[in-house]
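1. I would like to see how this sequence folds:
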Amino acid sequence: MPRPSKGVRKPWTVRLPMALNTTVVDAAAAAGYAHVGDYIVDVVSMAHAAGIHPQPQVRQERLPVGA
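-> Residues are numbered from 1 along each chain as shown. All right, here's what the predicted structure looks like:
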């Protein structure tokens, strides 16, 4: 049976470090989520609503166009 629509969404590809992946998968399961992506969306939404806006740990230089 298909899940109900959650509206228009933008697909993303995100690469998590393996240790963080394990933590996120375990946390999602412990919280009762059937889909890890739903858990990640809820965590990010809650952090944003709470005003939590982390800064990148490493700044990457932008490459010039055509590089």
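
2. center of this protein - which residue?
-> Computing the C-alpha centroid of the chain and ranking residues by C-alpha atoms, centre = their mean puts residue 40 first, at 4.4 Å.

3. buried residues in the helix or strand containing residue 43?
-> Element membership for residue 43, per DSSP states H and E: helix 36-49. For helix 36-49, a neighbour-count test (16 or more other C-beta atoms under 10 Å) marks 36, 39-40 as buried. In this view, the C-beta of every residue, glycine as well, is placed from N, C-alpha and C.

4. ok, the residue nearest to the centre of the chain to residue 63 distance?
-> With distances taken as C-beta to C-beta, to the nearest Å, residue 40 is found 28 Å from residue 63.

5. what sits up against stretch 18-25?
-> Identification of contacts with stretch 18-25 by C-beta atoms under 8 Å, 6 or more residues apart in numbering yields 16, 36, 39-40.

6. rerun at 6 Å
-> For stretch 18-25, contacts defined as C-beta atoms under 6 Å, 6 or more residues apart in numbering pick out residue 36.

7. For stretch 20-34, give the mean pLDDT please.
-> In this model, stretch 20-34 has an average pLDDT of 97.

8. where are the low-confidence patches of this protein?
-> 67 (pLDDT under 70).

9. Strands of that one, residue ranges please.
-> Using DSSP state E, the chain contains no strands.

10. Show me where it has its helices.
-> For the chain, helices defined by DSSP state H occupy the ranges 18-30, 36-49.

11. What distance do you get for residue 23 to residue 39?
-> Residue 23 is 11 Å from residue 39, by C-beta to C-beta.

12. do the same with residue 6
-> 13 Å.

13. do the same with residue 4
-> Residue 4 sits 17 Å away from residue 39, going by C-beta to C-beta.

14. How about residue 3?
-> In terms of C-beta to C-beta, residue 3 sits 14 Å off from residue 39.

15. Neighbours of residue 32, how many?
-> 7 (other C-beta atoms under 10 Å).

16. returning to what we had before: same list (the buried residues of helix 36-49) but as JSON lines, adding distance to residue 59.
-> What follows is these, written out as JSON lines (distance: C-beta to C-beta, whole Å):
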{"residue": "36", "distance to residue 59": "28"}
{"residue": "39", "distance to residue 59": "28"}
{"residue": "40", "distance to residue 59": "24"}
